[in-house]
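Novice: how would this look folded up:
(one chain, ligands or ions: 1)
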Amino acid sequence: MKRGALFAAVLGGVFSAAGAAFAMVGAPTPRGYALQEPATAVMRDIVDFHTLLLWIIVAISVFVLALLLWVIVRYNRRANPTPKKFTHNMLVEVIWTIVPVLILVGIAWKSFPLIYLQERIPEAELTLKVTGNSWRWDFEYPDLGVMMTANLLDEATADAEGRPYLLATDAPLLVPVDTTVRVLVTSNDVIHSFAVPAFGIKEDAIQGRVNETWFNVEREGVFYGQCSELCGVNHAYMPVEIHAVTRAEFDAWVVAQGGSIASAETEAPAPPPAAVEPATPAATPTR
Ligand SMILES: [Cu+2]
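Specialist: Model (predicted):
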């Protein structure tokens, strides 16, 4: 009892200390083997789909293993000295064709809505432009007048500040929570890939092209990502650090970055379209 209480106190202390040091949620963990805790609806669906596939794989593997064991035990030379000589069985062949097809149809049935959710960009409240460079990320909120560059945080500073080296940057990008952000991804030089696992996004950054993705972060926190396309010698040194904050904190940050909320707010709601009357007969050209 006493030892249990002590253990709980130590454990609580360790966790609260870790929380104070990092307050990060979207980060890899030592010995972690599962996907990161989802921070968006898309990532939650990805995790669910991954879990579904895992169970399907487990069921298939167990079934095949059971068949192998059955054959080994039941049809070895001692147990079955005179084997039958037939080579075809219509029923079994139909089953082993139909069942895999049904499994694949089931997987497709679950995966298409997810692809649709990822690829169809919803009505966005904010546009973020991400540009890959060798080897850093440039971020821009074109409607807010914010442009910034994020470089790898050097090891000494990261250690001193208790932040994860190779994931932390010298200029974290802020995004507001509960806001649909359209992300435009491109590159200035070679192909990079902008990836934030907890958001469920991974989009190639290709020079001369603009790829599109989106996210809507559901909770505040610090989220890390990395370039996920082998881009060159410093590929491992171009991390992504995103802080999801409240709208008020985000607005204050935008102003501090020299941007303007007002310009975005006056521009954001599209003016109601003027009632367009069908062309009147008088307007039609006459000969
Ligand atoms: Cu890269």
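
Novice: shaky segments in the stretch 151-287 of the chain?
Specialist: 262-287 (pLDDT under 70).

Novice: how far off centre is the one helix or strand Ile60 maps to?
Specialist: Secondary structure from DSSP states H and E places Ile60 in helix 41-74. Here helix 41-74 shows a centroid-to-chain-centroid distance of 24 Å under the convention Cα atoms, centre = their mean, to the nearest Å.

Novice: could you point out the helix or strand that follows that helix?
Specialist: Next along from helix 41-74, by DSSP H and E: helix 90-119.

Novice: let me know the average pLDDT across that following helix.
Specialist: For helix 90-119, mean pLDDT rounds to 96.

Novice: from the chain's centroid, how far away is it?
Specialist: 24 Å.

Novice: try stretch 245-254
Specialist: Taking Cα atoms, centre = their mean, one finds stretch 245-254 lying 23 Å from the centre of the chain it belongs to.

Novice: what of stretch 226-244?
Specialist: What separates the centre of stretch 226-244 from the centre of its chain is 14 Å, taken as Cα atoms, centre = their mean.

Novice: what about the helices in the protein?
Specialist: Along the chain, the segments classed as helices by DSSP state H run 2-22, 41-74, 90-119, 155-161, 247-256, 261-267.

Novice: list the contacts for the spatially most central residue of the chain?
Specialist: Here the mean C-alpha position of the chain is nearest to the C-alpha of Gly200 (Cα atoms, centre = their mean), at a distance of 1.5 Å. For Gly200, the contacting residues are 38, 40, 42-46, 118, 215, by Cβ atoms under 8 Å, 6 or more residues apart in numbering. Bear in mind the C-beta positions are built from the backbone N, C-alpha and C, glycine included.

Novice: hmm, back to that, make TSV out of the helices of the chain and add mean neighbour count and distance to Arg136.
Specialist: Formatted as TSV, the helices of the chain follow (neighbours: other Cβ atoms under 10 Å; distance: least, Cβ to Cβ, whole Å):
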stretch	mean neighbour count	distance to Arg136
helix 2-22	10	23
helix 41-74	12	25
helix 90-119	11	26
helix 155-161	12	16
helix 247-256	15	20
helix 261-267	13	25
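
Novice: so which of the ones you listed is nearest His192?
Specialist: With Cβ to Cβ, the closest approach to His192 among these belongs to helix 90-119: 19.3 Å.

Novice: so what does that closest one touch, helix or strand wise?
Specialist: Applying 3 or more Cβ pairs under 8 Å, 6 or more residues apart in numbering; DSSP states H and E, one finds that helix 90-119 contacts helix 41-74.

Novice: could I get the average pLDDT for the helix it packs on?
Specialist: The average pLDDT for helix 41-74 rounds to 97.

Novice: what do you get for stretch 131-144?
Specialist: pLDDT averaged over stretch 131-144 gives 96.

Novice: can you get me the start-to-end distance on it?
Specialist: Distance between the boundary residues of stretch 131-144 (Cα to Cα, to the nearest Å) amounts to 17 Å.

Novice: in that stretch, which residues are buried?
Specialist: Buried residues in stretch 131-144, counted by 16 or more other Cβ atoms under 10 Å: 131-141, 143-144.

Novice: can you pull the residues of this structure lying near the ion?
Specialist: For the chain, the contact set with the ion under Cβ under 5 Å from the ion comprises 192, 227, 231.

Novice: hmm, try it at 8 Å
Specialist: Counting by Cβ under 8 Å from the ion, the residues of the chain close to the ion are 132, 134-135, 190-193, 205, 227-232, 234-235, 238.
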